[in-house]
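Novice: dropping the sequence and predicted coords here.
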Amino acid sequence: MQDLNRNLRGLAKYQHQLASGKRVSRPSDDPVAIVKSLRLRSDLGDIEQFVKNADHALSWLSTTDIALGQAGDILHRVNELAVQAANGTNPQQALDAIREEVGQLLEQLVQVANTSQAGQYIFAGTATEAKPFSLDLSTYTVSYAGNEATRETEVGTNITIPYNVTGMEAFYYDKDAGKNVFTVVQNLYVHLKSGDTAAISDQDLADLNQAIDHLLAVRAEVGARVNRLELTKSRLDDANINFTDLLSKAEDVDVAQVIMELKNQENVYRAALATGARIIQPTLVDFLR
């Protein structure tokens, strides 16, 4: 009977493995394999979170790059208008028309600087719930209400990557002198109003070139962060494949092997049943007694 019970347990074990596809289902099956499996599952969970973090940062940086590109386009148009105004042959009426467009472009520039993603303002530092930039239409001056804090995301154990660009970093090209892309446009606006074409030619055009170069440099930095995140994500994808394979080897059954073991166990069980039946089968002598 003990042999039969042992054979039945063996049959049940292989039938369960075949049905579940798993080699171990409880710690007693293989304690070492269970521990390894738990560690691998924990590692895979971490990798999944790191990938989500990287995807979020990449999305944020993509929005940042688009906004910086739009800001650059606006400044290029402002530069064209400044060149047009600086030739010294425009009557004040023409300068006023240019000034009106420059004022509209400044408003657009502030709107771009207040770009948001999922309700969070991307150039506000960590104060993402409120618009970082505001424009006073009475004076055409712009103020910044965000902070200079860095947002970082974890893309590996003790590995973080900064992914935000603050308003100060993006739009202030000479913080010590208080120069930013908004004051450049504002100064041009003032000089157009007063008809000071000399200031436009000598100061505003040079400042505009500095502002445009600054935005290009910031975009290059954003591109470098994107490249680093994409490389990191590629490594995470490779690690995910590797750990998934290791987990499969630790947990999953070799179907062909299990089928063979199950057939062997069935044969042993049938043989044991046949042997038991012969042992307990009554003979004619038993009846004659």
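Specialist: Nice, I can see it. Numbers count the residues shown, from 1 in each chain.
Novice: the longest helix seen in the chain packs against which elements?
Specialist: Criterion DSSP state H: the longest helix present in the chain is helix 31-85. For helix 31-85, the packing partners by 3 or more Cβ pairs under 8 Å, 6 or more residues apart in numbering; DSSP states H and E come out as helix 92-113, strand 116-117, strand 152-156, helix 167-171, helix 181-194, helix 205-251. All C-beta spots, glycine's among them, are computed from the backbone N, C-alpha and C.
Novice: quick one: it to helix 181-194, angle?
Specialist: Relative orientation of helix 31-85 versus helix 181-194 (axes from the mean of the first three to the mean of the last three Cα atoms, to 10 degrees): 10 degrees.
Novice: give the rounded mean pLDDT of helix 31-85.
Specialist: Helix 31-85 carries an average pLDDT of 94.
Novice: middle-most residue in this structure, spatially?
Specialist: Asp55 (1.9 Å; Cα atoms, centre = their mean).
Novice: from memory that one sits against Lys233, does it?
Specialist: Yes: using Cβ atoms under 8 Å, Asp55 is in contact with Lys233, at 7.5 Å.
Novice: in this structure, which helix or strand is least confident?
Specialist: The weakest-scoring helix or strand in the chain, judged by mean pLDDT, DSSP states H and E, is helix 284-288 (a mean of 52).
Novice: what ranges of the stretch 51-200 of the chain fall below the confidence cut-off?
Specialist: Judged against pLDDT under 70, the stretch 51-200 of the chain has no low-scoring part.
Novice: related to what we said a few turns ago, the longest helix of the chain vs helix 92-113, what angle?
Specialist: Using the same axes, to 10 degrees: helix 31-85 against helix 92-113 is 170 degrees.
Novice: next, the angle helix 205-251 makes with helix 31-85.
Specialist: Put simply, helix 31-85 runs at 170 degrees to helix 205-251, going by the same axes, to 10 degrees.
Novice: got a list of what the closest residue to Asn240 other than its chain neighbours touches?
Specialist: Nearest residue to Asn240, sequence neighbours excluded (Cβ to Cβ, 6 or more residues apart in numbering): Ile47, at 5.0 Å. Going by Cβ atoms under 8 Å, 6 or more residues apart in numbering, Ile47 touches 236, 239-240, 243.
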